[in-house]
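Enquirer: After the sequence you'll find the predicted model.
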Amino acid sequence: MAGKTLYDKLWDDHLVKQRDDGSALIYIDRHLLHEVTSPQAFEGLRLANRKPWRIDANLATPDHNVPTTDRAMGINGIVDPVSRIQVETLDSNCDEFGILEFKIKDQRQGIVHVIGPEQGATLPGMTIVCGDSHTSTHGAFGCLAHGIGTSEVEHVLATQCLVQQKMKNMLVKVKGQLGKGVTAKDVVLAIIGKIGTAGGSGHAIEFGGDAIQGLSMEGRMTVCNMAIEAGARVGMVAVDGTTIDYVKGRPFSPEGEAWDAAVAHWRTLHSDLSAEFDKVVELEGADIQPQVSWGTSPEMVANVAGRVPDPAQETDLIKREGLERALKYMGLLPNQLITDIKLDRIFIGSCTNSRIEDLREAALVVKGRKVAGSLKQAMVVPGSGLVKLQAEAEGLDKIFLEAGLEWRDPGCSMCLAMNADKLGQGEHCASTSNRNFEGRQGFGGRTHLVSPAMAAAAAIAGHFVDVREMLN
Amino acid sequence: MRAFTQHQGLVAPMDRSNVDTDMIIPKQFLKSIKRTGFGPNLFDALRYLDEGQPGQDSSQRPLNTDFVLNQKRYSGASVLLARTNFGCGSSREHAPWALEDFGFRVIIAPSFADIFYNNCFKNGLLAIVLDEKIVDQMFIEAEASEGYELTVNLADNTVITPSGESFSFEVDGFRRHCLLNGLDDIGVTLEDADVIQDYEDARRKTAPWLFGAGQ
């Protein structure tokens, strides 16, 4: 008999009830909340006269609407009154139901997918959900973690469970070692480029292989974060020593005997050698080059030394129209060199790339250099107040400021531009975020997804450049 | 939730793959704390020539007359015909809320993104997966004949074209049951409150580190 995959183990461990119709009740260990997708869920609870099932499973923070400047003003610093109401609504809902919230002026506030792991509120083996598709990030800890809609936010609040159908198992194996200057972001963009934006639909992806195991927790979070961009709600990495070392000593982490018991369980959180996957994809780590997205879907990526594709070479009519539409929106020409794309703004941040290691990688590139005069703006937005504090303790803020980058306060910021940070129409941005959809970073804005090191290199050059040329 | 049993309606073909939820309802409209009122901003950046703002009267805005939903022949459409991977990206339930508020009751596509698909069923919106060849055929027919309507029957899982051709589709048992009966699935889950409590009590003993707030 075949062994179990990591996903099978997590599923079995959280199965409350298997129903005859094929659906199952799955228990949820951790529920993260933010201001955008929760107000209607709390309202639903009130209308149905229901109470949250288990208060201590919930952790909330405002992140999407928060400004990244003037934070001393707290909630009054939110200029847009509609945004302000949404943040106030999260505060009042959490106060009313007794849910722990890191409010806007709390040092621990940050992007929800940064603060969970940072606090140890994300622990190996958990089921974790949040009304946000990038919840897949937490799979880096050997968790079953995925995004849900607002109706399911309400369902989890009321029942501590979700009604689920079991997904299929997919293994994405990155073999060997990564080259110098090639990071987790390049790995995941290369994976999405290979399997496509629907390549993981209906599947839970486990990322494995030496190149994945060689990544830090920050790197693994970057990879799992973007599983959703490959169509998979769930991305996971097996637990190993790196995972356990990261979790130890965090505010929500167990201690003493409970720690030992937890570690003993966590050590089992990997796919069995005899486990079978429905789908397996393999990549050679050494083949992966720094990636740049040129189009309006995360699958539209190229090597930094490559060119924008020529739609005339595409035989499939629907795909050709898609390419033509993307090039028109992006204002690019067929066969244009990626390194010839001129940039207006640089954004280093988001739940994909705003952790301490991301900031270190970017700082290493800009240290002792100056941001290109042709840029309108280059900003660094740390993922949380604690990431910001740590970066400042390491002197990274000074490196960024001396190079001419802005050093901001934590939040989702220009990843989706719900706050004041956004692109103008037609502007090109080298962004460490996760989505290059039309208008994502601002109406008519043009997003190019890259790693923090590549964004930093582009900030210096004013156009894309192979960061490896700057790393000597 | 509104029950869904049978629906006949005008088809609007949206000939574009990988339609993401940012496209279905852009971020500035996610600031609302309500579930309703998103219809005028459905596909906002495609429907209008200017940048929409929350609370604005959209009836006065310049329309993109090339966009399918702005063409007179598709006015009043309630069945959206779409391409592969419809609804990819963000988990925002505002996407099905906007589609529903606009007047859609059915979306047909060769494939949907997982989270969006699930969100549709929570809002009485029936998402139907049909083979790509059948969807291709429907695109051709809908574009060729004005007033092209489809009849969708959830009771027997069929889609019927104006010429009487019938195609069957699959929806898993629980989603179908909830949709047919307009059930509140939280209520259904809470019927198993004892089972959930038993599971939780056992888990509190075997994995105590998962309980209790942090320091």
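Expert: Received the coordinates, thanks. Bear in mind the structure is a predicted one, so any value in this text is a computation, not a measurement. Residues are numbered from 1 along each chain as shown, chains lettered A, B, ... in the order given.
Enquirer: which residues touch residue 77?
Expert: All of this is about chain A. Counting by CB atoms under 8 Å, 6 or more residues apart in numbering or on different chains, residue A:77 makes contact with A:67, A:69-71, A:104. Backbone N, C-alpha and C define where each C-beta goes, glycine included.
Enquirer: hmm, I had chain B in mind actually
Expert: For residue B:77, the residues meeting the contact criterion (CB under 8 Å, 6+ apart) are B:9-12, B:69, B:103-104.
Enquirer: Among the residues you listed, which lie within strands?
Expert: When DSSP state E is applied, the contacts of residue B:77 are split such that B:9-12 fall in strands.
Enquirer: Which one (most neighbours) among those residues?
Expert: Each of the ones in strands among the contacts of residue B:77 was scored by neighbour count (other CB atoms under 10 Å in any protein chain shown); the top score is that of residue B:11, with 24 neighbours.
Enquirer: you'd agree it is up against residue B:147?
Expert: No. Residue B:11 sits out of contact with residue B:147 when judged by CB atoms under 8 Å, with a separation of 9.4 Å.
Enquirer: now the strands for the stretch 1-150 of chain A?
Expert: Listed in chain order, the strands of the stretch 1-150 of chain A (DSSP state E, counting those that start in this stretch) span residues A:15-18, A:24-27, A:30-33, A:58-60, A:100-101, A:127-130, A:144-147.
Enquirer: got it, and chain B?
Expert: Remark: strands of chain B, listed N- to C-terminal, are B:6-13, B:79-81, B:106-109, B:126-129, B:149-153, B:158-160, B:166-168; assignment by DSSP E.
Enquirer: Please dump the ones you listed into a markdown table; it should also carry mean pLDDT and distance to residue A:414 for every row.
Expert: What follows is the strands of chain B, written out as a markdown table (pLDDT from 0 to 100; distance: least, CB to CB, whole Å):
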| stretch | mean pLDDT | distance to residue A:414 |
| --- | --- | --- |
| strand B:6-13 | 98 | 33 |
| strand B:79-81 | 98 | 31 |
| strand B:106-109 | 98 | 31 |
| strand B:126-129 | 98 | 32 |
| strand B:149-153 | 98 | 41 |
| strand B:158-160 | 98 | 42 |
| strand B:166-168 | 98 | 44 |
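Enquirer: Contacts only, for residue 209.
Expert: Going with chain A. Applying CB under 8 Å, 6+ apart to residue A:209 gives the contacts A:173-176, A:282-283, A:285.
Enquirer: wrong one, chain B
Expert: Residue B:209 is in contact with A:123, A:253-254, A:258-259, A:261-262, counting by CB under 8 Å, 6+ apart.
Enquirer: Now intersect those residues with the helices, please.
Expert: In this view, the contacts of residue B:209 that belong to helices under DSSP state H are A:258-259, A:261-262.
Enquirer: Quick check: of those, which has the highest neighbour count?
Expert: Per-residue neighbour counts (other CB under 10 Å) across the ones in helices among the contacts of residue B:209 peak at residue A:262, which has 22 neighbours.
Enquirer: Isn't that residue up against residue A:254?
Expert: Yes. Proximity of residue A:262 to residue A:254 meets the contact threshold set by CB under 8 Å, at 5.0 Å.
Enquirer: Overlap in contacts, these two.
Expert: With contacts taken as CB under 8 Å, 6+ apart, residue A:262 and residue A:254 have A:123, B:209 as neighbours in common.
Enquirer: contacting residues around the residue lying closest to residue A:39 once chain neighbours are set aside?
Expert: Computed as CB to CB, 6 or more residues apart in numbering or on different chains, the closest residue to residue A:39 that is not its neighbour in sequence is residue B:33, at 3.8 Å. Contacts for residue B:33 were tallied using CB under 8 Å, 6+ apart; they are A:39-40, A:43, A:85-86, A:89.
Enquirer: Spell out the residue ranges of the helices in chain B.
Expert: In chain B, the segments counted as helices under DSSP H are B:21-24, B:44-47, B:94-102, B:114-121, B:132-144, B:173-181, B:185-190, B:193-206.
Enquirer: Report the buried residues of stretch B:158-176.
Expert: Within stretch B:158-176, the residues that count as buried by 16 or more other CB atoms under 10 Å in any protein chain shown are B:159, B:161, B:167, B:169, B:171, B:174-176.
Enquirer: ugh, wrong one, stretch A:86-98
Expert: By neighbour count, and taking 16+ other CB under 10 Å as the criterion, the buried residues in stretch A:86-98 are A:86-91, A:93-94, A:97.
Enquirer: which residue ranges form the strands in the stretch 251-400 of chain A?
Expert: Taking DSSP E, counting those that start in this stretch to define them, one finds strands in the stretch 251-400 of chain A at A:279-284, A:291-293, A:301-303, A:345-348, A:377-380.
Enquirer: so which of those gets nearest residue A:81?
Expert: For these, distance to residue A:81 was read as CB to CB. The smallest value, 24.2 Å, belongs to strand A:377-380.
Enquirer: Output the contacting helices and strands for that closest one.
Expert: Contact partners of strand A:377-380 among helices and strands, from 3 or more CB pairs under 8 Å, 6 or more residues apart in numbering or on different chains; DSSP states H and E: strand A:345-348, strand A:406-407.
Enquirer: Ranking these by mean neighbour count, which comes first?
Expert: The highest mean neighbour count among these belongs to strand A:345-348 (a mean of 30), with neighbours defined as mean count of other CB atoms under 10 Å in any protein chain shown.
Enquirer: touching chain B at all, it?
Expert: No. Strand A:345-348 lies apart from chain B when judged by CB under 8 Å from any CB of the partner chain; the minimum separation is 15.0 Å.
Enquirer: Thanks a lot, see you next time.
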